[in-house]
Each structure stands twice: as C-alpha cells, then as structure tokens.
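**Q** just a sequence and a predicted model for now, questions to come.
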Amino acid sequence: MSTRTAAVGEALFGLAAVAIRRRPRTLSLTAISVLSTLERTGPRRLTDLAASEEVTQPSMTALVTQLVDLGLAERRRDPADARVVLVAGTDAGSRQLREMRASGALTVTELIDKLDDHDTAALDAALPALLRLMELADESQDGRTPPKR
C-alpha cells in the first residue's frame, strides 16, 4: 500500500465517519447493519445474523425483537423447514435504510458544495473509481472474491 492510497483511504473513511456521526439516532449501527444484511441477502436465521454481526445470539434476539416491534423486520417460518424461524426485512425497514442513506449522502453533498470548481471536477473524475470501490465492497460482503484488475 502506498502512502497516497493510504491517504485516500483515510479521507474516505473520515467522510464515512462524518456521515455516520451526523445521522439521525433512531437506530444503532448494529441495527442498521442487520437491516442492510437482510436487504442484501434476504431472510436469514437469527444465528446466522448473530454470527455475521459478531454479537451473541441473545443480543441478536433482543435487536431483532426491537426491529420487529418497530415494524422494520419480521419473523417468518422457513418454507423449506417449518421448524426454522427466519428474520426478514420489511418495506418499512427498506424505507428506513433509504432515508438513512439519503441523509448520509446529503451530509457529504453539503460538504462537496463548499468545494471550488477544481476540487468538484476532481471528485467528478473520481466517480467511476468510487463506484467500483462500492462494487468491490458489495462483492466482498457477499463472500465473492473480487475480480483482479
């Protein structure tokens, strides 16, 4: 890793932290992560969610109960095995994620609007690379190996 790529990584991480700090505090970061996982992967067993979020099963049970009570997630039976309970996101959960993402994007957009035309043009030029980074992040979350470039 070069010093330059490390600096870019630190800047992007710092911007993400700013967006997270300024977000509405209606849900914990773990709750948001669980909803995002459910949106990306579909219904999951509670034990799988606990493992992917690196929390205990009792903690995940409490979190899922909170999400269900808020109408952001639901418990349902696995069609392949009625003994298994799956956790699924709801339409309200998807709306909550969209609103949270829009709020974070607005935070960054407001900062970008303070830049001069030269810096804004540099960010525009970097957009394809930033979008590719998002693809690589999605691929690594799904357990797929990103293709070599």
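**A** Ah, there it is.
**Q** what ranges do the helices span in this structure?
**A** Along the chain, counting by DSSP state H, helices occupy 3-21, 29-41, 46-53, 57-69, 91-112, 117-141.
**Q** helices or strands next to the fourth one in the packing?
**A** Read that as helix 57-69. helix 29-41, helix 46-53, strand 73-78 (3 or more CB pairs under 8 Å, 6 or more residues apart in numbering; DSSP states H and E). All C-beta spots, glycine's among them, are computed from the backbone N, C-alpha and C.
**Q** apply 6 Å and report the result again.
**A** On a contact count with 3 or more CB pairs under 6 Å, 6 or more residues apart in numbering; DSSP states H and E, helix 57-69 meets helix 46-53.
**Q** helices and strands around the helix it packs on, which ones?
**A** Partner elements for helix 46-53 (3+ CB pairs under 6 Å, 6+ apart): helix 57-69.
**Q** roughly how far does residue 3 sit from residue 10?
**A** 10 Å (CB to CB, to the nearest Å).
**Q** which one's more surrounded, the two?
**A** Neighbours were counted for residue 3 and for residue 10 using other CB atoms under 10 Å; residue 10 has more, 10 against 7.
**Q** export the longest strand anywhere in the chain as CSV, just CAs?
**A** If you go by DSSP state E, the chain has its longest strand at strand 81-89. Extracted in CSV, the C-alpha atoms of strand 81-89 (Å, rounded to 0.1, in the frame of the first residue of the first chain):
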residue,chain,number,x,y,z
ASP,A,81,-38.4,-26.3,7.2
ALA,A,82,-41.3,-25.0,9.3
ARG,A,83,-39.3,-25.5,12.5
VAL,A,84,-36.9,-22.8,11.4
VAL,A,85,-37.6,-19.1,12.0
LEU,A,86,-36.2,-16.6,9.6
VAL,A,87,-35.8,-12.9,10.1
ALA,A,88,-36.7,-10.7,7.1
GLY,A,89,-36.7,-7.0,6.4
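**Q** and the contacts of that strand?
**A** Contact with strand 81-89 is made by 35, 38-39, 43-44, 46, 64, 73-76, 78, as judged by CB atoms under 6 Å, 6 or more residues apart in numbering.
**Q** which of those sits closest to residue 122?
**A** Closest to residue 122 out of the contacts of strand 81-89 is residue 39 (31.9 Å), distances taken as CB to CB.
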